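**Student:** quick one, structure for this:
(one chain, ligands or ions: 2)
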Amino acid sequence: MVGVQSIPSPAITADERSHEVDHPSSHVAQFGSEQPLRLDCGVDLSPFQIAYQTYGELNADRSNAILICHALTGDQHVANVHPVTGKPGWWETLVGPGRPLDPNEYFIICSNVIGGCMGSTGPASINPATGKVWGLDFPVITIPDMVRAQAMLIDRLGIDTLFAVVGGSMGGMQVLQWTAAYPSRVFSALAIACSTRHSAQNIAFHELGRQAVMADPDWHHGGYADRGIHPHRGLAVARMAAHITYLSDAALHRKFGRRMQDRELPTFSFDADFQVESYLRYQGSSFVERFDANSYLYLTRAMDYFDIAADHGGVLAKAFAGIQTRFCVVSFTSDWLFPTSESRALVHALNASSARVSFAEIETDRGHDAFLLDVPEFLDISRAFLQSAGKARGLTANNA
Ligand SMILES: CC(=O)SCCNC(=O)CCNC(=O)[C@H](O)C(C)(C)COP(=O)(O)OP(=O)(O)OC[C@H]1O[C@@H](n2cnc3c(N)ncnc32)[C@H](O)[C@@H]1OP(=O)(O)O
Ligand SMILES: N[C@@H](CCO)C(=O)O
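**Tutor:** Residues are numbered from 1 along each chain as shown. Ligands and ions are numbered 1, 2, ... in the order given. Predicted structure coming up:
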């Protein structure tokens, strides 16, 4: 990389490097009892580990680091082939050479959240006290817990201030939590399709999903791993219901309408007569191949508990008082899960805090998950925001 001084992750030990998996910059950072993770529920989690990927190189003054926070079922494999699904990284529209988050310019970090199931400690991990899978003995985690764990990782990487923290949906919640908890460590923040608190409707959808998991006889009160089984049916139903909320009526109509699946006439049965039924079944069955049911319970719960203003006497602006971080808030017109009104409320609070904030509502029928798709206006806005913040930060092309 021309003009970029390569600084290997400074505090990563040889032991940690031995955990490298499918990618040259794939790591697991382990934290021990000297550094427990203090959880909001009152538990000190120790030891624990965070699995993460990096792309690009940290520059000489360590000013070009971008942290990507993933959404509910995402993971650290943001821009490399996924080791389980074999599919491209989940945000390759945004991250990659020539993309708005270009590893030739930035040192990009993405970690699997605490509570996740792709290498970070979560309910599917082994509880060192029992030698068995944690299951429901795993402590309930929150968005602030996820961010606290990430901050320990960022410390471990020797980075004081992140050039940017970027994320959509649950990732956007983490972005906002980063700015509220560590304002001086975040130079710029790109918060997409998110909210400062989970709405009653969203909590209701999550509860529906959790009940579907818990109603599966294979769930065994979270103890399925010891029996060598997994509540696939319940988790698939949960994903099917959730997936509908990630799209929009218009998008479903455009994709499938009332068209039939591989047939011309109704079968007068409960087979998947309609394409949209077949599609949903596919989304459910492919999801369970890559996700743990208990993790789904814990991560949905973390989103439900999220409410930044609650920690500031119910006044959202207080969470951002005096903040110097540059914000860009993005919403999508057809997102009914995190509607534009919630982004506007955030922008108003940032304005009331005299924060620097730009806001874009993007016209699309692709619903909440538009942030994961190739939506040119979204990508252009992201690029322009980071370039402008980069100038203010003194970053030059290729960060020479
Ligand atoms: C690790 C991670 O994945 S990170 C988490 C973020 N990623 C996700 O949430 C993935 C799940 N979400 C999605 O797939 C979302 O629908 C989106 C919005 C991100 C993708 O949208 P699009 O690119 O428009 O894809 P679309 O929703 O049409 O789904 C395409 C898939 O459905 C399948 N499909 C389409 N029609 C049908 C049908 N009638 N019957 C069965 N399957 C169908 C396609 O074969 C395709 O399968 P593939 O993903 O294995 O290639
Ligand atoms: N579809 C994405 C976003 C959900 O908010 C996910 O599963 O993580």
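
**Student:** quick check: Gly369 vs ligand 2, distance?
**Tutor:** You called it Gly, but residue 369 is Asp. If you measure Asp369 against ligand 2 using CB to the nearest ligand atom, to the nearest Å, the figure is 5 Å. To be clear about C-beta, it is placed using only N, CA and C from the backbone, and glycine gets the same treatment.

**Student:** can you tell me how far the closest residue to that residue other than its chain neighbours is from ligand 2?
**Tutor:** Spatial nearest neighbour of Asp369, excluding adjacent residues (CB to CB, 6 or more residues apart in numbering): Tyr246 at 4.1 Å. Plainly put, Tyr246 is 5 Å away from ligand 2 if you go by CB to the nearest ligand atom.

**Student:** swap in Gly135?
**Tutor:** 22 Å.

**Student:** next one: Thr73
**Tutor:** From Thr73 to ligand 2 the distance is 4 Å (CB to the nearest ligand atom).

**Student:** ok, that residue - contacts?
**Tutor:** Each residue near Thr73 by CB atoms under 8 Å, 6 or more residues apart in numbering is listed here: 287, 290-291, 296, 299.

**Student:** just Ala370 next, same as before
**Tutor:** 193, 332, 334-335, 362, 364, 378.

**Student:** just curious, which of those is nearest to Pro103?
**Tutor:** Comparing these against Pro103 with CB to CB places Phe378 closest, at 19.6 Å.

**Student:** pLDDT value on that closest one, please?
**Tutor:** With respect to pLDDT, Phe378 scores 98.

**Student:** what about the helix or strand harbouring Tyr282, near ligand 1?
**Tutor:** Using DSSP states H and E, Tyr282 falls within helix 275-287. Yes. Using CB under 6 Å from any ligand atom, helix 275-287 comes into contact with ligand 1 via 275, 278-279, 282.

**Student:** now, of the residues you listed, which are buried?
**Tutor:** Listed as buried from these are 275, 278-279; burial here means 16 or more other CB atoms under 10 Å.

**Student:** in TSV: those residues, plus pLDDT.
**Tutor:** Formatted as TSV, those follow (pLDDT from 0 to 100):
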residue	pLDDT
Gln275	98
Ser278	98
Tyr279	98
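
**Student:** re earlier: for the helix holding Tyr282, name the packing helices and strands.
**Tutor:** helix 232-246, helix 249-255 (3 or more CB pairs under 8 Å, 6 or more residues apart in numbering; DSSP states H and E).

**Student:** I'd like those laid out as CSV, including mean neighbour count, mean pLDDT and distance to Arg383.
**Tutor:** Shown next, in CSV, are these (neighbours: other CB atoms under 10 Å; pLDDT from 0 to 100; distance: least, CB to CB, whole Å):
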stretch, mean neighbour count, mean pLDDT, distance to Arg383
helix 232-246, 21, 98, 24
helix 249-255, 14, 98, 25
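
**Student:** so which of the ones you listed comes closest to Asp262?
**Tutor:** Minimum separation from Asp262 across the helices and strands packed on helix 275-287 (CB to CB) falls at helix 249-255, 15.9 Å.

**Student:** what's near enough to touch His348?
**Tutor:** With CB under 8 Å, 6+ apart, His348 has no contacts at all.

**Student:** what do you get for Val78?
**Tutor:** Taking CB under 8 Å, 6+ apart, one finds 53, 55, 68, 70, 89-92, 95, 108, 110 in contact with Val78.

**Student:** tell me, what residue is most central in this protein?
**Tutor:** The residue lying closest to the centre of the chain (CA atoms, centre = their mean) is His70, at 1.8 Å.

**Student:** so how far is Gly32 from the closest residue to that residue other than its chain neighbours?
**Tutor:** With sequence-adjacent residues excluded and distances taken as CB to CB, 6+ apart, His70 is closest to Gly171, at 5.2 Å. As for Gly171, its distance to Gly32 is 27 Å (criterion: CB to CB, to the nearest Å).

**Student:** and the nearest residue to Leu337 once chain neighbours are set aside, what does it touch?
**Tutor:** With CB to CB, 6+ apart as the measure, His368 is the residue that lies nearest to Leu337, at 4.3 Å, once sequence neighbours are left out. Neighbour list for His368: 169, 193, 245-247, 332, 335-338 [criterion: CB under 8 Å, 6+ apart].

**Student:** dump the residue contacts of the residue in the stretch 151-300 of the chain positioned nearest to ligand 2.
**Tutor:** The nearest approach of the stretch 151-300 of the chain to ligand 2 comes at Ser169, 3.5 Å away (CB to the nearest ligand atom). Applying CB under 8 Å, 6+ apart, one finds that Ser169 lies in contact with 71-72, 192-194, 337-338, 368, 371.
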